[in-house]
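**Student:** Fold the stuff below for me.
(chains A, B and C)
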Amino acid sequence: MDATLYLLQQVINGLTIGSTYALIAIGYTMVYGIIGMINFAHGEIYMIGTYIAFIVITGLAMMGVDSTLFLIVAALLVSMIVASAHGFAVERVAYRPVRGSKRLIALISAIGMSIFLQNYMRLAQGSRDKAIPNLLPGGWEFGGDGFAVNLSYMQVIIFFVTLASMGVLALFISRSRLGRACRACSQDRGMANLLGINTDLVISMTFVIGAALAAVAGLLLGMYYGVVNPYIGFLAGLKAFTAAVLGGIGSIPGAMLGGLILGIAEALTGGYLSTEYKDVVAFGLLILILLFRPWGILGKPEVEKI
Amino acid sequence: MSSQLVHAGFSALLTLLLGASVLGVELRSEGVTTIVAVEGALTWLWLGGAVVVVFLHQLFRPKIEAMRRQTWTGSRFSLPPLLKNHAQRRLILALVIGALLLFPFMAERSAVDLATLTLIYVMLGLGLNVVVGLAGLLDLGYVGFYAVGAYTYALLNSYLGFSFWEALPLAGGMTALFGYLLGFPVLRLRGDYLAIVTLGFGEIIRILLNNWTDLTGGPNGISRIPKPTLFNLEFSRRADEGNVAFHEFFGIPYDPSYKVMYLYILALLLSLVTVYVIYRLMRMPIGRAWEALREDDIACRSLGLNPTGIKLSAFTIGASFAGFAGSFFAARQGFISPESFTFIESAIVLAIVVLGGMGSQLGVILAAIAMTLLPEIAREFNEYRMLLFGLIMVMMMVWRPQGLLPLKRPQMELKRG
Amino acid sequence: MAESKLLSVRNLSMRFGGLLAVDQVNMEVRPREVVSIIGPNGAGKTTVFNCISGFYRPTSGEVLFEGRPMHRLPGFKIARAGMVRTFQNVRLFKEMTVIENLLVAQHMQAERNLLKGLLLTAGYRRRESELMDRAAHWLERVGLVDFANREAGNLAYGQQRRLEIARCMVTRPRLLMLDEPAAGLNPNETRDLDRMIVQLKEEEGITVLLIEHDMSLVMGISDRIYVVNQGKPLAEGSPEEVRRNPEVIKAYLGEE
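**Tutor:** You can find the predicted model right below:
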């Protein structure tokens, strides 16, 4: 009984973390789908989103705002806007000028951007951990005498906000004009351009949407862990990327699936083996999937154009 | 003009938003609570200035670009073929090497020590240049191989008593093996995946070194790694049992600067060997194949070249140079811990390769010197070092992807008699 | 009987998702023949080529080269076996010089022992100069010897096409596969190309398999022609037979 409950607890923890990976992974997958490159700086955008959320929450609390709902909504909106602005600017500065060049050039530019943003935040905000108090303490406990499963309010919120964001994104992609343009661009950018779609705008919007979702993840994970520092983007980005590849890069449902699988795999490793090797799991999984099924679970193999 | 105005206004607003949100306010810890502090007037003044500059620049961009096109044409410099004559080239090379050999006898101890460190980065830069510059494979976990080399020597020494000279070839071989084993599965993937897998690999190595406490000492690292000897002569004040110290052997008083000089000369020799080997490789069939593969792997396959095998050779050879550099690093420091092998190191070496001009040996050497000397000359620069490295990578890719000193390709010439 | 066939393709099919791009294609090429595959644009000619040269793995069917199965091998092994191809949109190593392009192509003949190269042994030098000689010989054959030290990307289009053929020839192939070699050439250059292919066949004893959608070009030089349409074999025979085949005329001129 206890063993089952313990397992359940790990799965709950895994789903929580995994859904935030999925949110970040969307940014990788959408950018990849449209311009075929990995936006290495995406993890840093998530980190910036977390900082902004912390600044808004702390600032409003200092001004005497005590409605938790208001705090969260305000932090969500502001951090989405600011992170989007960063995503937009990153594309304009570091990616657009090198779009036509060789892949290696774009990759190095992306890496450089990632290093730059991390250190820029370190210099602007200091390298030490900054904490906020838990805005939504408490939760439900259930289970046996030996081991009780803990499901915090925060975990439930993370899960549902993620689902809601994904739903909005899916609606946007399938229904809106811009969403259609996005899909057209990911099929054939040259053709979309010929048909009068402003591909530059679509690419910019892809970065903006990815950044906004990363900011959502930043707020959620920030509230969940309660701390932020300039280095969190590196690992989170790497894991979200793994999630994107796992699900099939370029596929949005794939990102969701990949995120959840990775989250659970990590939680199980942390729960049963050792927390130290938790991070190794992501890389191990990434290497395995690349070896045996590089197009991921829901992706399709690419046909090389000769 | 009005659309230009809107565009400039938008850019200025964006700048304000980006700057104000991150630079204008700061999270601070006060005791157990966190507060938000609004930065002082100076910061905002700077921000305002930046906004104005961006606004004006965007407003007049078409004009500025037109002007630049008029004035800047043809001013892009590349390495002049100043050593055309073969004999002349040899002479200059000999003079440079001679000067480098004499350097430790003229300079201060700290300068020699710094030069040794620089040479380590020269080796790393040249090694990574094979992978990134010549073969066009982005390896972000290069530091992992550096760590393997360092730990190979440290572990062989502390468990089996191997000396530096015995361990050096093994360290090179070990890292080559690591490079091979990692490269074999991932090199058939596209470049982006390779970049991220190598990034992950570098991290895995560090995490393993940190956690495998029984073997590696974990975060405490390994200390008391002996310095290299000169034909079994030690450079310490008192030699270990059964060994003789350098100053005793020659009957001269002990001076710790002998050790520093010897390390420098060793580093110099290792670097020269590296330069020569890579110089030759670039002109050998394998070097041609690397370059061809970087340009068009489909054409390579159509001619019977096995892309995976060729990439693997670049990856393995590049890794083994990191292994040599790593074991020398362990010997020089006398102490290593996982902290010396973070992603930052990979980024520094990559910045060196990028700045130097991918593929160009001289460029990489000069970049390595600049990148290690600059933080020493301007201490306050150290704080901004990584920021600048990131910025350099982006700016170089946008404006001058061929590097400051681009490769004057080793062209095979058809000479007709 | 075995030596009378250099290449045989049996029931070759290639499917991309729902699209059957190549459907049950059969063909044979005998030594010292010039064989052409023709068909309208989008008929699946290049896909057949990509399957034979190992860039695609055929969904079903067999490719035998000198009696040995090739259809499971990767492209570079097929090239090593002696089947070398060009590409529809020339694929040169553009930033390398003309002569270097030809040296890379001889990689398999080069002395690849690293130690010998690093130490510049006599054997290594000899081998390198042999490669150089062979490259120079072929540059002369295709009339590019004056451009040997230029960057390949700076050559005129017609010269690039010739360099690509020379690059194949230095690998000592037995079957030369040309993918629309006349595309983008002017009439003069096309005539030169015709002459060159005939020369290769007569002087080097090389076998040529080529794809073309322009029928007039292949009529003069081909021994036999295969016609494909919508992935399916439509007709085969001598240029004369193919020219008179009503099916072929219909495919080229449309249904009406």
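
**Student:** show me where the stretch 51-200 of chain A has strands.
**Tutor:** Per DSSP state E, counting those that start in this stretch, the stretch 51-200 of chain A has strands spanning A:130-131, A:139-143, A:148-152. These are given in chain order.

**Student:** just chain B next, same as before
**Tutor:** Ranges of strands in chain B, per DSSP state E, are B:25-30, B:33-38, B:233-234, B:244-245.

**Student:** winner for burial among the ones you listed?
**Tutor:** Mean neighbour count (mean count of other CB atoms under 10 Å in any protein chain shown) peaks for strand B:233-234 among those, with a mean of 18. For glycine as for every other residue, the C-beta is placed from the backbone atoms N, C-alpha and C.

**Student:** quick one: average pLDDT of it?
**Tutor:** The average pLDDT within strand B:233-234 is 77.

**Student:** For it, enumerate the helices and strands it packs against.
**Tutor:** strand B:244-245, helix B:246-250 (3 or more CB pairs under 8 Å, 6 or more residues apart in numbering or on different chains; DSSP states H and E).

**Student:** Out of the strands of the stretch 51-200 of chain A, which one sits most buried?
**Tutor:** strand A:130-131 (a mean of 22).

**Student:** Show me the contact partners of it.
**Tutor:** A:51, A:54, A:226, A:227, A:228, A:229, B:27, B:28, B:29, B:34 (CB atoms under 8 Å, 6 or more residues apart in numbering or on different chains).

**Student:** where does the chain dip in pLDDT?
**Tutor:** Picked chain A for this. A:1, A:144, A:303-306 (pLDDT under 70).

**Student:** meant chain B actually
**Tutor:** Short version for chain B, where the test is pLDDT under 70: B:1, B:71-85, B:241, B:406-412, B:416-417.

**Student:** picking up where we left off before, let me have the strands of chain B in JSON lines, adding distance to residue B:382 as columns.
**Tutor:** Converted to JSON lines, the strands of chain B look like this (distance: least, CB to CB, whole Å):
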{"stretch": "strand B:25-30", "distance to residue B:382": "21"}
{"stretch": "strand B:33-38", "distance to residue B:382": "25"}
{"stretch": "strand B:233-234", "distance to residue B:382": "34"}
{"stretch": "strand B:244-245", "distance to residue B:382": "36"}
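
**Student:** picking that back up, and the contacts of strand A:130-131 near chain C, which?
**Tutor:** When those are checked against chain C using CB under 8 Å from any CB of the partner chain, none falls in range.

**Student:** can you name the two of these that are farthest apart?
**Tutor:** Within those, two members stand farthest from each other by CB to CB: A:226 and B:28, at 16.4 Å.

**Student:** how about the helices in the stretch 1-150 of chain A?
**Tutor:** Secondary structure of the stretch 1-150 of chain A by DSSP state H, counting those that start in this stretch: the helices cover A:2-35, A:42-62, A:68-90, A:103-125.

**Student:** What residues of the second one count as buried?
**Tutor:** Within helix A:42-62, the residues that qualify as buried are A:42-61, counting by 16 or more other CB atoms under 10 Å in any protein chain shown.

**Student:** What of the longest one?
**Tutor:** Within helix A:2-35, the residues that qualify as buried are A:5-6, A:9-35, counting by 16+ other CB under 10 Å.

**Student:** same for that helix, what does it pack against?
**Tutor:** Partner elements for helix A:2-35 (3+ CB pairs under 8 Å, 6+ apart): helix A:42-62, strand A:148-152, helix A:153-175, helix A:177-187, helix A:199-225, helix A:232-247, helix A:252-268.

**Student:** Which one of those lies nearest to residue A:88?
**Tutor:** The nearest among the helices and strands packed on helix A:2-35, by CB to CB, is helix A:199-225 at 5.4 Å.

**Student:** So residue B:146 sits against residue B:348, correct?
**Tutor:** No: using CB atoms under 8 Å, residue B:146 is not in contact with residue B:348; the gap is 11.0 Å.

**Student:** More neighbours: which of those two?
**Tutor:** residue B:146 (33 against 21; other CB atoms under 10 Å in any protein chain shown).

**Student:** Helix, strand, or coil at residue C:36?
**Tutor:** strand (DSSP: H, G, I helix; E, B strand; the rest coil).

**Student:** My read is that it contacts residue C:220, right?
**Tutor:** No: Residue C:36 is not in contact with residue C:220 according to CB under 8 Å; the separation is 10.5 Å.

**Student:** Out of these two, name the residue with the larger neighbour count.
**Tutor:** Higher neighbour count among residue C:36 and residue C:220: residue C:36, with 24 against 12, using other CB under 10 Å.

**Student:** what are the bridge partners for the more buried one, then?
**Tutor:** Under the criterion DSSP bridges, residue C:36 forms beta bridges with residue C:210, residue C:225.

**Student:** Which residues are in contact with it?
**Tutor:** Taking CB under 8 Å, 6+ apart, we find residue C:36 in contact with C:209, C:210, C:211, C:212, C:218, C:222, C:224, C:225, C:226.

**Student:** For chain C, what's the nearest residue on the stretch 51-200 of chain B?
**Tutor:** At 10.2 Å from chain C, residue B:188 is the closest residue in the stretch 51-200 of chain B, using CB to the nearest CB.

**Student:** got the phi/psi numbers for that residue?
**Tutor:** The phi/psi pair for residue B:188 (degrees, to the nearest 10) reads phi -80, psi -10.

**Student:** Excluding sequence neighbours, find me the nearest residue to it.
**Tutor:** Nearest non-adjacent residue to residue B:188, counting by CB to CB, 6 or more residues apart in numbering or on different chains: residue B:308, 5.2 Å away.

**Student:** my guess is the one you found contacts residue B:186, does it?
**Tutor:** No: between residue B:308 and residue B:186 there is no contact, the gap being 9.9 Å when judged by CB under 8 Å.

**Student:** Close to chain A: what parts of chain C are there?
**Tutor:** C:16, C:46, C:50, C:55, C:56, C:87.

**Student:** just the buried members of those residues?
**Tutor:** Buried members of those, scored by 16+ other CB under 10 Å, are C:46, C:50, C:55, C:56, C:87.

**Student:** measure the fourth one to residue B:112 for me?
**Tutor:** Okay, so that is residue C:56. 60 Å (CB to CB, to the nearest Å).

**Student:** Kindly report the same for the last one.
**Tutor:** With distances taken as CB to CB, residue C:87 is found 55 Å from residue B:112.

**Student:** try residue C:55
**Tutor:** Per CB to CB, residue C:55 is found 56 Å from residue B:112.

**Student:** residue contacts, the residue of the stretch 101-250 of chain A found nearest chain C?
**Tutor:** Nearest residue of the stretch 101-250 of chain A to chain C (CB to the nearest CB) works out as residue A:102 at 10.7 Å. Residues in contact with residue A:102 (CB under 8 Å, 6+ apart) are residue B:136.

**Student:** Residue A:156 too?
**Tutor:** Counted by CB under 8 Å, 6+ apart, residue A:156 has contacts residue A:139.

**Student:** Cross the residues of chain C next to chain A against strands and list the overlap.
**Tutor:** If you go by DSSP E, the residues of chain C next to chain A have residue C:16 in strands.

**Student:** Please convert the residues of chain C next to chain A to JSON lines, extending it with pLDDT and distance to residue A:75.
**Tutor:** Putting those into JSON lines (pLDDT from 0 to 100; distance: CB to CB, whole Å) gives the following:
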{"residue": "C:16", "pLDDT": "85", "distance to residue A:75": "48"}
{"residue": "C:46", "pLDDT": "88", "distance to residue A:75": "55"}
{"residue": "C:50", "pLDDT": "91", "distance to residue A:75": "54"}
{"residue": "C:55", "pLDDT": "90", "distance to residue A:75": "52"}
{"residue": "C:56", "pLDDT": "90", "distance to residue A:75": "52"}
{"residue": "C:87", "pLDDT": "93", "distance to residue A:75": "55"}
